[in-house]
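# Okay, sequence plus prediction incoming.
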Amino acid sequence: MERFENLDPKKQQKILDSALMEFAENGYGKASTNRIVKQAGIGKGMLFYYFKNKKDLYEYLIEYSLNFIITEYLSLVDINETDFIKRLKGAAQLKMKAQVENEHVFNFMGTVMLTKDLELPPHLQKRYEELQMQGYALLYGGIDKTLFRKGLDVDKAFNLIRWGVDGYQQDLLQRLQGQKMSDLDFEPYWDEFYEYLDILKKSFYTN
């Protein structure tokens with residue numbers, strides 16, 4: 001791996017983008033290293049000079065993608081925003097910005113989540129679970145519960161919103177299951193998500 005990380009950054013990124021696109025479009029099982037090297041403009045021997053095999057490359061891409069998501073998205077969520085709905089909107093916008101900067105990473109991780117055609121090694125499974133927990137804490141920690149309507153059981157209302165958002169995400173994943181993430185236009189899903197947030201705000205907030 002050290003050989004790859006010492007490579008010129010532009011060449012490195014070209015190989016990463018080629019591999020991310022190939023796995024995002026075809027999943028692990030059907031991804032072709034021939035197409036990756038052709039797209040990257042390198043010889044196949046060179047690819048396996050950097051990575052032991054296809055699985056080694058795939059696992060490297062997962063680690064790379066997790067790091068990107070933490071650095072470019074989760075670490076930027078404004079935890080000082082105590083309005084739950086505003087924090088959710090801000091987080092969604094950050095995610096969209098990161099997605100635009102490197103859509104290959106999100107397409108790739110989407111395919112990893114939807115297809116699950118290769119069991120993750122323990123250290124990556126642990127990192128993936130930690131990422132989910134970190135994301136949960138960033139979105140829900142330190143929320144100002146006084147914004148909720150008087151008379152409401154705030155803890156239960158808070159849970160209803162949380163379950164609603166989690167349920168929407170699960171429903172969306174089911175709707176997208178089996179589809180190529182790289183072919184999807186996410187704009188309508190963002191619009192739909194914002195509409196649900198507005199409904200939640202009108203339902204539970206004082207104004």
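Alright, I've got the coordinates.

# Now the helix or strand of the chain with the lowest mean pLDDT: buried residues?
Lowest on mean pLDDT, DSSP states H and E among the helices and strands of the chain sits helix 154-176, with a mean of 79. Across helix 154-176, burial judged by 16 or more other C-beta atoms under 10 Å covers 154, 157-158, 161-162, 164-165, 176. Placement of C-beta: from N, CA and C, glycine included.

# now swap in stretch 13-26 and tell me
14-26.

# Just those residues: which are in helices?
Under the assignment DSSP state H, those contribute 14-26 to helices.

# okay if I get those as JSON lines plus pLDDT and distance to Leu114?
Supplementary listing: those in JSON lines, determined by pLDDT from 0 to 100; distance: C-beta to C-beta, whole Å:
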{"residue": "Lys14", "pLDDT": "94", "distance to Leu114": "26"}
{"residue": "Ile15", "pLDDT": "96", "distance to Leu114": "24"}
{"residue": "Leu16", "pLDDT": "96", "distance to Leu114": "21"}
{"residue": "Asp17", "pLDDT": "95", "distance to Leu114": "20"}
{"residue": "Ser18", "pLDDT": "96", "distance to Leu114": "21"}
{"residue": "Ala19", "pLDDT": "97", "distance to Leu114": "18"}
{"residue": "Leu20", "pLDDT": "96", "distance to Leu114": "15"}
{"residue": "Met21", "pLDDT": "95", "distance to Leu114": "16"}
{"residue": "Glu22", "pLDDT": "96", "distance to Leu114": "16"}
{"residue": "Phe23", "pLDDT": "95", "distance to Leu114": "12"}
{"residue": "Ala24", "pLDDT": "93", "distance to Leu114": "10"}
{"residue": "Glu25", "pLDDT": "92", "distance to Leu114": "12"}
{"residue": "Asn26", "pLDDT": "92", "distance to Leu114": "13"}
